[in-house]
Every structure is written in C-alpha cells, then in structure tokens.
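Visitor: any chance you can model this:
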Amino acid sequence: MKVIARLLPFLVSAFHACAGAKTEHQTCVGSRVPRIDPVEPRIFFSGKSFSMQEWTEKSGSDSALSSSESPSRLLPIQGCCSEDPIGHMPQMTTDESLDVLDAAVKGYSNGAGIWPQMTLRQRIDAIEKFITTLEKSRERIIDTLMWEIGKNFKDAESEYDRTIAFIRQTIETIETHKDFSNKFNNVSGSTVMIRRNSFGILLALGPYNYPLNETYATIIPALLMGNIVILKIPQVGGLAHLLTFEAFAEALPENTIHFISGGGRKTLPKLMESGKVDGLAFIGGTSAADKLIKQHPAPHRLKTFLQLEAKNMAIVMKDMFTDEEKDDEYSRNSMFQDIITGSLSYNGQRCTALKIIFVPKGKGKYVAEELAKRVEDLTIGMPWGKHDIDGSSAKKSSMITPLPNQNRVDFMNDLLTDAVSKGAIKANELGGTIIDSSSECTGSSEKSFSSTLMVPAVLYNIQASMRIYQEEQFGPIVPVVEYDSIEEVLNYGLQSAYGQQVSIFTNLSNPSASIVDVFSAIFGKININSQCGRSPDSVPFSARRSSGLGVMSIVDALREFSVPTVVSYKNEESQKTVEGIKEQSNFMADL
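Guide: Now for the predicted structure:
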C-alpha cells in the first residue's frame, strides 16, 4: 500500500490511471478480473436438491418460479466484486419453512428416525461419503467465497481445507475418545456404559465471514451424534452452501439435513414458536440470538450454543518501550506485526480479531504511526489479486479486500465519522478511503460498480465517549487507546459486556501475572505475545458474558451437540443378557 500513499492526489478521482503503474514495492492494486459462472438457485427438501423449475413442478406453487419469471422470488447476489449477480438465493416463504420443519420432525421421529437409529459407524460412513463427493466442488466453492464475501484465494482455500480437516479429525475423535466408546466399566458397584447420543432437531445459523468452517464445526458434529439439522443459509455468504446440496443428497438419508433460505424474519419465528426445535446453534449478533430464544415456548429446554460479538483487547505493557531490546526477548517489531495481523486479517472481519489496542500514556501516537506504516505494507486489491513484492518474481495475495456489501462500508464510515468528530486522529491519511471500482486495478475492466474496497484506518486519541471504544467494529478500523494505569485496562475488561479473548504484549512476568489472574475469570483465552485466534481446533474455544455460550473444539463440539446416555446393570447374572442386547443394539454397537 505504499504506492497508494504516494499516489494520493489522484487515486480516488482518476484511479484508472494507475492500472499499469509499478513501484519497487508492488503492482498497483490487483489483476485482471477472472470469470465466475453464476451459482444456480436451488431448494433442498426431503433429501433432494431441486432447481427452481423442478421445485415449481413438484410443489405446484405459482410463487416458486424461475428468476426470469419472478424476480421477487429470488434475491440477486452481487457479492463484493461484481455489478452483475454471481448467483441468486431463493426466498422461501413461511409455509415452506414450516414444511421443512415437518420434514425434520419426520426425520427425527422422537429419536426413532432412520438417521438417529443408525449406528455410529454407519453415520461416520455417510459423512465420509459426503466429504468425498463435496471435494469435487472444491474449486467452485473457493471461487464463490472469493467473489461473494471478498476472501482472498489463500484464505478461501484455507477455509475449505480446514473444514475438511476438521471433519476428518472429528471422525477420528469419535473412533478413539472414551466418550464414544461402548465399553462397560465398574463404577461404585454398578457396571456402566456411558455413550453420547442425539437430543433432537437442531436449528443452525452460520455467519457470513466463515460460512463453511464455523457452520460445519457445529452441524457436522451434531449430525454425527444423530441429530437432525435445519440450516438457515445466511443472505450474505450463502451461495457456497447451495453448492453442497448434491453432496448431502447423495450421502445422507432423506429428512436428515434441511436448508432454509430467505429472510430470517419470515422463515424463522414460526419454527421457534412451534416448540419443535430442540437446539439452537447460532453464530452472529446478540440481539438476533435473544429474539430467537424468546420465541421458543419452552426456552428452558432449548439446548443453546452461541458464538456472538467480541471486543478483544490488546494490552501493550510499558516494558515494551524500553530503550534497550535484548536478542532473547520478544521484540517491539514482532509486537507491531502481530497487532496489525491480529487486527486486519480478512479486513478485521473475525470474531477473534483484535478490536481495541491499549498502550501506555504518551505512546498512542507512536504506536498508531508504527501500525500505520505496516498498513502501508499490506497489499490491497481484489480477492484474486496477485502483487509483485520488492521486484521479485514472487507474487503475494491481496491482504485487504472488498467488504461484502455497502452496509458494512456504511457502518465503518459511521464509526469513523463519530470518532473523528470527537477528537480521534487518523494515523494514516488514506484510512477509510474507498478505492474507486472504475479501475482495471480493481479488476473491473468493463464497467464500474459501487466499490466496497476500504483502506484500513488506524486511529489514536480515542476517548470513552466514542462508539469505537465500546462497539465491535468487525472491519478495518484499528483504535489505539492510551491508559494511565493498568487498573484502567482491567476495569475496561471487567466492565465490558464481552468476554472472548485478550492479548498481552510484554517481556515481564509481573504485573502480567496479576492481569492473567483477573482476566482468567473473564475471557475464554488469554494470549501472551500473540494475536487472538481460534486454532488449533483441538483446543477449547470458549467465551463468557455476551460473547458466547458453549465450548468449541473437536471433542467439545461433539459434547455440545449430544447428551450422555448410560446403560447400567448391577447383578452379575445380568451380564449375559446385557451382552446379548449389545450384540443386537445399534446404539451400543462397535465402531
């Protein structure tokens, strides 16, 4: 981005002029736009995938028409980077969503349905078949992630591959972990087998930023444990899910997994009000989660798993600014790089992103300017963009890419306007600038469209009265806050509505130990000299307060979406009978 700063006078007004420009650092902003075949709208019902025409013929409904006949039936999806739709999302009606619920009820059949009555081995085999079939769509799914939500190729590829790896590791855990064993053990005079099983129908809502990874981290464990799943496809970031329909249809029995697409206000309330939903896996905002839970007539029996907002703190201790740095210590340069990466990976659109940076009094401007320098080194452009770096033959992917839609841009602008009006200062002059889409640099060589490619903004002189001080930005804004005493930072964490993660940057054990002790009851993860993050998937990912409810990891997800069931006997004379039952039982069957 150094080139962007140098070309400031004409970047926005005449950005097309830089299409072929080069500097010793990198190319202008991107590369020629590739092409993508639009994702065909489809509806998944009772284990089958239907085109809109097929759905019309099946249902006999005049409302379920093709996009050319009924534009209101289908929502055109432009994504982050196209004027023309890259796909259409079916907008299901309330009645259709209730039909889906009825199919799910039939599939579970109070635990007696085909899927919940399968052996664990049979369900594992079905999910493995799903993986094999889904891998045929790998490239198409990766392209769709880039075009719809602006995830660069490397990150889109990583999301797909990490999702498949998560599923395989989940299966391996079932095969090896004691929670899923069918062995009997003597416990206080009883002989017991403890094995986990389903609890019913799970309604799952996934996010736009990691539509595959975070969604599959909930629904696949739930399926493996025998639950029936209804997945509400997000309006933003949902096209990739349409590309999974064929794989699910081929691998799973009918009425096992279900999909609902369209507006949540139209499709979801009646489902929850029915009382037939047994579990809710929700990744998103607190207000939407609260509304859904309150709509259930018996919320006390609704098994709830939530991953919500976060305002993750970075705390820079005073010792990081000593004049002398030792070779065997964590360096200031490493700290700045970890903070900028933690704040701006995927444009800051991660629940685990660093959202507010606390630094000692008098260091705010210095830290902000150092972070701004590193922002200038980030490549900015379209998701498929490749950049020359320092004149070498190596190419680097765009690190800063378009936000998924104009709503996200407007929210960022609102936060920036509020902060600047109250005294915040931009450390980088171009922070918050929208790069014009009429340039070949953005990949649009034919016609312009409303650009959502925003230059990250680093702010300092942040005050408590500013919205950015309390609200989760979930985007490319890095606020730097000065503190007089560490008690101020502790109070911020203690009084915050959120409790996901914190990062502490220091080379001293004291007073860092006291911060760890206090925050151990507040945050799910405390990072020392590293950015916040969810990985590795084998480590518990938890949160407190309004940041979440439940624990995510490979083994914890299986526990969250199941309940332990005990088979027990006391008399030795019963052993032969129990062994006979075990030989014929699906629930007790060997893996």
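Visitor: domain parsing of the chain, as residue ranges.
Guide: The chain breaks down by automatic domain parsing into domains covering 2-25+310-542, 113-308+543-591.
Visitor: endpoint to endpoint, the last one covers what distance?
Guide: This means domain 113-308+543-591. 20 Å (C-alpha to C-alpha, to the nearest Å).
Visitor: quick check: mean pLDDT of it?
Guide: Mean per-residue pLDDT for domain 113-308+543-591: 97.
Visitor: re the thing from before, got the domains of the chain as JSON lines, with mean neighbour count and distance to Pro85 columns?
Guide: The C-beta positions use only the backbone N, C-alpha and C, and glycine is treated the same way. Listed next are the domains of the chain as JSON lines, based on neighbours: other C-beta atoms under 10 Å; distance: least, C-beta to C-beta, whole Å:
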{"stretch": "domain 2-25+310-542", "mean neighbour count": "19", "distance to Pro85": "12"}
{"stretch": "domain 113-308+543-591", "mean neighbour count": "19", "distance to Pro85": "10"}
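Visitor: can you redo those as a markdown table with distance to Pro34?
Guide: Rendered in a markdown table, the data for the domains of the chain read as follows (distance: least, C-beta to C-beta, whole Å):
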| stretch | distance to Pro34 |
| --- | --- |
| domain 2-25+310-542 | 6 |
| domain 113-308+543-591 | 8 |
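Visitor: quick check: closest non-adjacent residue to Ser546.
Guide: Of all residues not flanking Ser546 in the chain, Ala497 sits nearest, at 4.6 Å (C-beta to C-beta, 6 or more residues apart in numbering).
Visitor: confidence score at that neighbour?
Guide: Ala497 is given a pLDDT of 96.
Visitor: can I assume it is in contact with Arg545?
Guide: Yes - counting by C-beta atoms under 8 Å, Ala497 does reach Arg545; the two are 5.9 Å apart.
Visitor: now the helices for the stretch 201-350 of the chain?
Guide: With DSSP state H, counting those that start in this stretch as the criterion, the stretch 201-350 of the chain has helices at 213-224, 239-242, 245-251, 264-267, 269-273, 286-295, 332-344.
Visitor: save these as JSON lines, and put in distance to Val420 too.
Guide: What follows is the helices of the stretch 201-350 of the chain, written out as JSON lines (distance: least, C-beta to C-beta, whole Å):
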{"stretch": "helix 213-224", "distance to Val420": "33"}
{"stretch": "helix 239-242", "distance to Val420": "36"}
{"stretch": "helix 245-251", "distance to Val420": "46"}
{"stretch": "helix 264-267", "distance to Val420": "34"}
{"stretch": "helix 269-273", "distance to Val420": "40"}
{"stretch": "helix 286-295", "distance to Val420": "27"}
{"stretch": "helix 332-344", "distance to Val420": "19"}
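Visitor: tell me which of the ones you listed approaches Trp384 most closely.
Guide: Closest of the helices of the stretch 201-350 of the chain to Trp384 is helix 239-242, at 16.1 Å (criterion: C-beta to C-beta).
Visitor: how far is the closest one from where the chain is centred?
Guide: Computed by C-alpha atoms, centre = their mean, to the nearest Å, the chain-centroid distance of helix 239-242 equals 15 Å.
Visitor: re earlier: out of the domains of the chain, flag the one nearest Phe44.
Guide: domain 113-308+543-591 (4.3 Å).
Visitor: looking at the domains of the chain, spot the one closest to Met52.
Guide: Distance to Met52, taken as C-beta to C-beta, is lowest for domain 113-308+543-591 among these, at 11.4 Å.
Visitor: quick one: residues contacting the residue positioned nearest the centre of the chain.
Guide: By C-alpha atoms, centre = their mean, the chain has its centre lying nearest to Tyr210, at 3.4 Å. Tyr210 makes contact with 159, 350 under the criterion C-beta atoms under 8 Å, 6 or more residues apart in numbering.
Visitor: switch to 7 Å and redo it
Guide: Contacts for Tyr210 (C-beta atoms under 7 Å, 6 or more residues apart in numbering) come out as Glu159.
Visitor: now swap in the one 3 residues further on and tell me
Guide: Residues in contact with Asn213 (C-beta under 7 Å, 6+ apart) are 159, 162-163.
Visitor: what segments of the stretch 251-400 of the chain are strands?
Guide: Assigned by DSSP state E, counting those that start in this stretch, the stretch 251-400 of the chain shows strands spanning 257-260, 279-283, 303-307, 312-316, 354-360, 386-388, 395-397.
Visitor: make TSV out of those strands and add distance to Thr267.
Guide: TSV is the format used below for the strands of the stretch 251-400 of the chain (distance: least, C-beta to C-beta, whole Å):
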stretch	distance to Thr267
strand 257-260	5
strand 279-283	14
strand 303-307	19
strand 312-316	32
strand 354-360	31
strand 386-388	40
strand 395-397	36
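Visitor: which one of those lies nearest to Ile486?
Guide: Among the strands of the stretch 251-400 of the chain, strand 312-316 comes nearest to Ile486, with 8.0 Å by C-beta to C-beta.
Visitor: who does that closest one pair up with?
Guide: Counting by DSSP bridges, the strands paired with strand 312-316 are strand 354-360 (parallel), strand 501-505 (parallel).
Visitor: reformat the ones you listed as TSV; add distance to Ala251 and mean pLDDT.
Guide: As requested, those are arranged in TSV below (distance: least, C-beta to C-beta, whole Å; pLDDT from 0 to 100):
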stretch	distance to Ala251	mean pLDDT
strand 354-360	39	98
strand 501-505	35	98
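Visitor: what would those strands look like in a markdown table with distance to Ser514?
Guide: Listed next are the strands paired with strand 312-316 as a markdown table, based on distance: least, C-beta to C-beta, whole Å:
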| stretch | distance to Ser514 |
| --- | --- |
| strand 354-360 | 15 |
| strand 501-505 | 11 |
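Visitor: residue contacts, Ile339?
Guide: In this structure, Ile339 makes contact with 314, 354, 357, 371, judged by C-beta under 7 Å, 6+ apart.
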